[in-house]
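J.: okay, here's the prediction I keep looking at, along with the sequence it came from:
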Amino acid sequence: MKIATYNVNGVNGRLPVLLRWLQETQPDIVCLQELKAPQEKFPEQAIIDAGYNAIWHGQKSWNGVAILAKGLEIKETRRGLPGDPEDLHSRYIEAEVGGITVGGLYLPNGNPAPGPKFDYKLAWFERLTKHAANLLASGKPVILTGDYNVMPTEKDVYKPERWVEDALFRPETRAAFKKLVDQGWTDALRKLNPDETIYTFWDYFRNAYGRNAGLRIDHFLLSPGLVGRLKAAGVDKNVRGWEKTSDHAPVWIALD
DNA sequence: ATGTCGGGCCCTGCCCGA
């Protein structure tokens, strides 16, 4: 079973790229982030025509998350993280699919830091970490995947010294990610490729993709029971080179 | 500091968020 995550950066603007990638790689389950579309503007029919069921949580202009599945029922278990009824951003959606609880997340960017946006990022991280503890305690197989907007270590940045003040790489952000993982999660891409340079994002500026000036910020965290089923993982880096593409590339894992 | 995207809107060049 192949499970993927993809920050599309505008699901309608990237629809041709998304459909081509689905057709070429045929993942079983897909988490999408940054739909940038209100609930009623999600391209549902095109996704159905591509062979996928979908649930999504849209929002005008920004954010937005979805879960797609091919030939599997998607049983929604939650939209939005608990802990702050004032938070109206569409950044978390969760479902039971194929016997696995899949949480698709779009963690706040947090720039500029310090400031209110960075505070919001750290608060959101805390809420995610609390919810993640409850998911682990359930003993069920769980995947938490999406755009974490965190480079966990220096290995995950093309030029770490340039990013130390950035919200994606500040010590507080890395500490928050470590605190989450240390609950007992496994970073699937790193587990299978302990020493390799792996990037999932290249910004649009200064020919970042051409220079491979990338970041690893899209992650798969697996609950302990799933680690033994992890057989492969990768980044569909070529998709970042397509016309009208997202600044992120799709990331995937294969489970037994 | 800069760079480049999608989306949205005082409908078209500019602002926001990333």
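T.: Noted; the coordinates are in hand. Residues are numbered from 1 along each chain as shown, chains lettered A, B, ... in the order given.

J.: which bits of the stretch 51-200 of chain A sit near DNA strand B?
T.: A:60-62, A:108-109, A:111, A:117 (Cβ under 7 Å from any atom of the strand). Bear in mind the C-beta positions are built from the backbone N, C-alpha and C, glycine included.

J.: filter these down to the buried ones, ChimeraX style.
T.: The buried residues among these can be selected in ChimeraX (16 or more other Cβ atoms under 10 Å) with this line:
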select /A:108,109
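
J.: what's the most distant pair in the residues of the stretch 51-200 of chain A next to DNA strand B?
T.: Using Cβ to Cβ, those span at most 21.3 Å, a distance reached by A:K60 and A:N111.

J.: show me the residues of the stretch 51-200 of chain A next to DNA strand B that map onto helices.
T.: A:K117 (DSSP state H).

J.: format the residues of the stretch 51-200 of chain A next to DNA strand B as TSV; extra columns: pLDDT.
T.: Output for these, formatted as TSV (pLDDT from 0 to 100):
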residue	pLDDT
A:K60	95
A:S61	95
A:W62	96
A:P108	97
A:N109	97
A:N111	95
A:K117	95
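
J.: out of the residues of the stretch 51-200 of chain A next to DNA strand B, who's nearest A:W163?
T.: A:N111 (10.9 Å).

J.: and the nearest residue to the closest one once chain neighbours are set aside, what does it touch?
T.: Setting aside the residues directly before and after it, A:N111 is nearest to A:A167 in space (Cβ to Cβ, 6 or more residues apart in numbering), at 4.4 Å. For A:A167, the contact set (Cβ atoms under 8 Å, 6 or more residues apart in numbering) comprises A:109-113, A:117-118, A:121, A:149, A:173.

J.: what about A:K244, distance to A:L18?
T.: 11 Å (Cβ to Cβ, to the nearest Å).

J.: who's more crowded, those two?
T.: Regarding A:K244 and A:L18, a neighbour count based on other Cβ atoms under 10 Å identifies A:L18 as having more, with 26 against 10.

J.: C-terminal to whichever strand or helix holds A:F125, what's the next element?
T.: Assigned by DSSP states H and E, A:F125 belongs to helix A:116-137. Downstream of helix A:116-137, the next assigned helix or strand under DSSP H and E is strand A:142-147.

J.: so what's A:L122 up against?
T.: Counting by Cβ under 8 Å, 6+ apart, A:L122 has contacts A:110, A:172-173, A:176.

J.: buried ones among those residues?
T.: Using 16+ other Cβ under 10 Å, the buried ones in the contacts of A:L122 are A:110, A:173, A:176.
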